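[1] Turn this into a model:
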Amino acid sequence: MAIKSHITVHKIAPPKGSNIDFAAELRGADLENLTEVDFDVIRRALYENQVILFKGQQNLSPKAQYELTRLFDPTVEAYGHGKTLDTKKSILHPDLKTIPHQPQVQVIGNGPVKEFEGLKNITLKHPHHKTFHQHPISEEDDRDNTRFYRWHIDAALYDLNPPRVTSLMAVQVPKTEYQNLRYDDGTGDELSVPRGSTAFVSSSQMFDLLSEEDKEFARTTKVQYAPHPYVWMSSAKSRSDGLGLVSEGRELPYSELPAIDESKVKILPMCWRNPVTNKLALQVHPSAVEKLHLADGTVIDNLEEVREIVHRLQRPGIAPEYVYPVDWEAGDLALFNNQGVLHSVTGSFKPEEVRIFRQCNLAASTAPLGPE
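    Residues are numbered from 1 along each chain as shown. Below you'll find the predicted structure:
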């Protein structure tokens, strides 16, 4: 008799007025003791729903979180950003700490923490858009309003392949009021989000929103990412909707970057294919893009033009009705298809508000599946 899993999959009901077609909650999983049958259910649910949530995981160990994340790509072990964190100019450098006994798992959050998983007397800092956006929200409006900090994929985008899956574990969450998330891009778009929500959009839904002409362009175009992109962009500023950078010539010249190996520069398809559903996702990290390679061999290397093209294609997919803002509670574990969604930090916290999350992603053993 075939062994069945006790795990059940429940689609998350979209909020009123929402048109999201993804996200599910999984119940009945023992993530410390998964069977092959259990993982088959989890893997299918992940790729069919893009973001899956497990509630009540307060006792899940960092080791089990790492092992669950690694099941999606069993031959890999390296953290998805590699040594990006070791580069002090990198925009990622201040945001993450590494768990000493499980170095593939990072700690993110906000506030002073005396001890956590072997880390002592650390101060976590929730990313705030005022450090990254060209025109931040005023100080007097900041407590009640927020922005998408940066829409992105978890990926080094140099040398290493983009991770397949990211796991994000909410350990301690200050429950506070909602904030009004403003796009401030002239459209009047806004969205009510729980403070500190992680916002997700489906890149498959983003692709489906394109015209037939744009779909053909996306299917046949490749994206070249800047070498050491998080150092390269360290002085640049973001658009107010968090979807890519403003072109002001503030990117660091190659001469100021770490040594560049041309063979490690990433040129990836603009569309990535879901390994279970076969659907295409418009999957571009808008802040790290540098050039576009078109089907006829043309290379668009005017950075402002490249950014305008990518923003035009992606912007419809981050409209308020397509955004899923997670309302985190302590004990929530989310897994997301890092090759099929974009996500962004939102919100702001006072320096004394303590928030602790654990994050794990692993550089993939292979490049993402392309549209062919």
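[2] Longest helix in this protein, by number of residues?
    Counting by DSSP state H, the longest helix found in the chain is helix 36-49.
[3] Tell me where the stretch 251-372 of the chain has strands.
    If you assign secondary structure with DSSP state E, counting those that start in this stretch, the strands in the stretch 251-372 of the chain sit at 267-269, 271-273, 280-282, 289-293, 299-300, 324-325, 333-337, 341-345, 355-361.
[4] Mind checking these for the one nearest to residue 150?
    strand 341-345 (5.9 Å; CB to CB). For every residue, glycine as well, the C-beta is placed using N, CA and C.
[5] just the angle between that closest one and strand 333-337, please?
    Here the directions of strand 341-345 and strand 333-337 differ by 130 degrees (axes from the mean of the first three to the mean of the last three CA atoms, to 10 degrees).
[6] for strand 341-345, packing partners?
    Packing partners of strand 341-345 (3 or more CB pairs under 8 Å, 6 or more residues apart in numbering; DSSP states H and E): strand 198-202, helix 203-208.
[7] ok now the least confident helix or strand in the chain by mean pLDDT, how far from the chain's centre?
    None of the helices or strands of the chain scores lower by mean pLDDT, DSSP states H and E than strand 97-98, at a mean of 91. Computed by CA atoms, centre = their mean, to the nearest Å, the chain-centroid distance of strand 97-98 equals 18 Å.
[8] Could you tell me which strands it is paired with, and in which direction each runs?
    Sheet pairing of strand 97-98 (DSSP bridges) gives strand 105-116 (antiparallel).
[9] returning to what we had before: after the longest helix of the chain, heading C-terminal, what element do we hit next?
    Next along the chain after helix 36-49, taking DSSP states H and E as the criterion, comes strand 51-54.
[10] elements contacting that following strand?
    If you count contacts as 3+ CB pairs under 8 Å, 6+ apart, strand 51-54 packs onto strand 24-27, helix 36-49, strand 333-337.
[11] Could I get the average pLDDT for stretch 67-76?
    Averaging pLDDT along stretch 67-76 yields 96.
[12] how about the helices and strands packed on strand 341-345 in CSV, adding mean neighbour count?
    CSV is the format used below for the helices and strands packed on strand 341-345 (neighbours: other CB atoms under 10 Å):
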stretch, mean neighbour count
strand 198-202, 24
helix 203-208, 23
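[13] how about TSV for those, with distance to residue 286 added?
    Output for the helices and strands packed on strand 341-345, formatted as TSV (distance: least, CB to CB, whole Å):
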stretch	distance to residue 286
strand 198-202	12
helix 203-208	11
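[14] how about the helices in this protein?
    Along the chain, counting by DSSP H, helices occupy 36-49, 62-70, 203-208, 212-220, 229-232, 303-314.
[15] mind saving the C-alpha coords of the longest helix of the chain as PDB?
    The C-alpha coordinates for helix 36-49 follow below in PDB (Å, rounded to 0.1, in the frame of the first residue of the first chain):
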ATOM      1  CA  GLU A  36      10.400  11.600   0.700                       C
ATOM      2  CA  VAL A  37       6.600  11.500   0.200                       C
ATOM      3  CA  ASP A  38       6.200  14.600   2.300                       C
ATOM      4  CA  PHE A  39       8.900  16.500   0.300                       C
ATOM      5  CA  ASP A  40       7.200  15.500  -3.000                       C
ATOM      6  CA  VAL A  41       4.100  17.300  -1.700                       C
ATOM      7  CA  ILE A  42       6.000  20.300  -0.600                       C
ATOM      8  CA  ARG A  43       8.000  20.600  -3.800                       C
ATOM      9  CA  ARG A  44       4.900  20.400  -6.000                       C
ATOM     10  CA  ALA A  45       3.000  22.900  -3.700                       C
ATOM     11  CA  LEU A  46       6.000  25.300  -3.900                       C
ATOM     12  CA  TYR A  47       6.200  25.300  -7.700                       C
ATOM     13  CA  GLU A  48       2.400  25.400  -8.200                       C
ATOM     14  CA  ASN A  49       1.900  28.200  -5.700                       C
END
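[16] List the contacts of it.
    Identification of contacts with helix 36-49 by CB atoms under 8 Å, 6 or more residues apart in numbering yields 3-7, 9, 11, 22-24, 26, 29-30, 34, 52, 68, 71-72, 165, 274-277, 335-337, 340.
[17] Please work out which of the helices and strands packed on strand 51-54 is packed deepest.
    Most buried of these, by mean neighbour count (mean count of other CB atoms under 10 Å): strand 333-337, with a mean of 25.
[18] From the contact counts, what lies against that one?
    helix 36-49, strand 51-54, helix 62-70, strand 165-172.
[19] how about CSV for the strands of the stretch 251-372 of the chain, with distance to residue 142 added?
    Formatted as CSV, those follow (distance: least, CB to CB, whole Å):
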stretch, distance to residue 142
strand 267-269, 36
strand 271-273, 36
strand 280-282, 32
strand 289-293, 29
strand 299-300, 37
strand 324-325, 18
strand 333-337, 26
strand 341-345, 15
strand 355-361, 17
